[in-house]
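> how does the following fold in three dimensions:
(one chain, ligands or ions: 1)
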Amino acid sequence: MANVAVIGAQWGDEGKGKVVDWLASRADIVVRFQGGHNAGHTLVVGNETYKLSLLPSGLVRGKIGIIGNGVVVDPEALLSEIERVRGQGIDVTPASLRIAENATLILPMHPALDRAREVARGERRIGTTGRGIGPAYEDKAARRAIRVADLAEPQTLADKLDELLLHHNTLLQGLGATVFSKEAVLGLLTRLAPQILPFAEPVWERLDEARRAGRRILFEGAQAVMLDVDHGTYPFVTSSNTVGATAAAGAGIGPAAVGFVLGIAKAYSTRVGAGPFPTELPDATGQLLGDRGNEFGTVTGRRRRCGWFDAVLVRQAVKVGGINGLALTKLDVLDGLPELKICTGYRIRGAHYRHLPAAPGAQAAAEPEYEVVEGWTGSTRGARSWAQLPAQAVKYVRRIEELVEAPVTLLSTSPERDDTILMRDPFEG
Ligand code: IMP
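Modelled structure (predicted):
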């Protein structure tokens, strides 16, 4: 029996929430392994809508949720999210939620620095979520981060804060932002420690036990391959690795335990934040896709940029992300369009490419080469079997499979959890 990792195959917001929720109902444990509360998942269960940022989605289904070491945890954001979902009747206790003791914390200077730097970048801003994700991962790599386990050691906290504040206050001052006092941050951490520590443990041990007992583990990715710090459209990316392989390192388990990697892709493309987007449609069609697809960021509320399906990028995501099968979402947004376009290559400064090169200048210059596909009349919305889809819609999906070199193993046809066509059960490997 395989475990499953779910990752985004485009620039995020592909509808991972619904797919993860659907798979979570069939898993025993759900693990977040990278990112932080920059992610936003909307789960619709019956009449309730849950908006999750940091909590693993499985909690809503009564499963054990684990926040792995690869996640950057803002303790205040975590506690308020716990309060919010408790208010919706979900029981979040140390029995249902475990946090890696070696996970990095996001502290108040991280969002402050994130925002101050975005302001300083001006026109060249990345469009971050302003949640301090980048600065927290920088501190981790620089070996000055405060981690969950440090909350149990007052002296460690005090010593680490000296180094941390020296670094951050120097930067904040240079950027004209407010600096932080040691007393204030230490006071905050001392107050939060007893609320966070009951959730902390070496989660790798629990995962190892679960794996040996044949439990089903679902690894829940955040963001997406084109936002990966190595493989994405750098520097317009997030600060973690978002590929399937990260599930292992970010949870503390071997790569073989990750199992099936399910990539989520929309039937078109969207992106929030700045950066290259070769198939973007800054016209009425882009507007139409955005309106129909309700394309507003869960975390930022910003309108998402929209464009045609980019098979070049999704193929690249399939390869570097280790994607075994795709879940295609929001096909219904394309219902009734007379013709559709799929990007099959780029022209960059007169040359043909079948991948997006790494250099920013080349990425910005990429002109999509399109294949035009006939649209369909009739609706795909709510379809629950392949046979209910218009023939032309099936052709569109089949063409995507060929171009991205991965099978579509799951098709989502509305936000409703059960409006899903399953071609192959990822848990069966
Ligand atoms: P950061 O992760 O806040 O540093 O933001 C870096 C980039 O990733 C920005 O373009 C954000 O808009 C984007 N980003 C971060 N999290 C998400 C997400 O969950 N969905 C879509 N884009 C995201």
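
> quick one, helices of the chain?
Under the criterion DSSP state H, the chain contains helices at 16-24, 75-87, 109-121, 133-141, 154-174, 182-196, 203-212, 246-249, 284-292, 311-321, 360-365, 391-404.

> which strands or helices does the last one pack on?
Taking 3 or more C-beta pairs under 8 Å, 6 or more residues apart in numbering; DSSP states H and E as contact, the helices and strands that helix 391-404 lies on are helix 311-321, strand 325-329, strand 339-348, strand 367-374, strand 408-412. Heads up, the C-betas are built off the backbone N, CA and C, glycines and all.

> does the second one reach the ligand?
When you say that, I think you mean strand 325-329. No: Strand 325-329 is not in contact with the ligand by C-beta under 6 Å from any ligand atom; minimum separation 13.8 Å.

> could you give the angle of the helix or strand of the chain with the lowest mean pLDDT to helix 16-24?
Least confident helix or strand of the chain, by mean pLDDT, DSSP states H and E, is strand 41-45 with a mean of 80. Counting by axes from the mean of the first three to the mean of the last three C-alpha atoms, to 10 degrees, strand 41-45 lies at 50 degrees to helix 16-24.

> grab the nearest non-local neighbour of Pro368.
Leaving aside its sequence neighbours, Pro368 sits nearest to Cys343 (C-beta to C-beta, 6 or more residues apart in numbering; 4.1 Å).

> and that neighbour, bridged to which residues?
Under DSSP bridges, the beta-bridge partners of Cys343 are Asp310, Tyr370.

> let me know the distance separating it from Val394.
20 Å (C-beta to C-beta, to the nearest Å).

> looking at the two, which one has more neighbours?
Cys343 (23 against 15; other C-beta atoms under 10 Å).

> pretty sure the more buried one contacts Tyr370?
Yes: with contacts counted by C-beta atoms under 8 Å, Cys343 reaches Tyr370, the gap being 5.9 Å.

> any common contacting residues for the two?
Residues touching both Cys343 and Tyr370 (C-beta atoms under 8 Å, 6 or more residues apart in numbering) are Trp308.

> quickly list the domain ranges of the chain.
4-102+199-260, 104-196, 265-428 (automatic domain parsing).

> point out the most buried one among these.
Highest mean neighbour count among the domains of the chain (mean count of other C-beta atoms under 10 Å): domain 4-102+199-260, with a mean of 21.

> output the below-cut-off pLDDT ranges for the stretch 201-350 of the chain.
The stretch 201-350 of the chain contains residues with pLDDT under 70 at 298-299.

> close to the ligand: what parts of it are there?
So the stretch 201-350 of the chain meets the ligand at Ala222, Gln223, Leu227, Phe236, Thr238, Ser239, Val272, Gly273 (C-beta under 6 Å from any ligand atom).

> surely the fourth one is in contact with Val272?
No: in this structure, Phe236 sits apart from Val272 without contact. The criterion is C-beta under 8 Å, and the distance is 10.7 Å.
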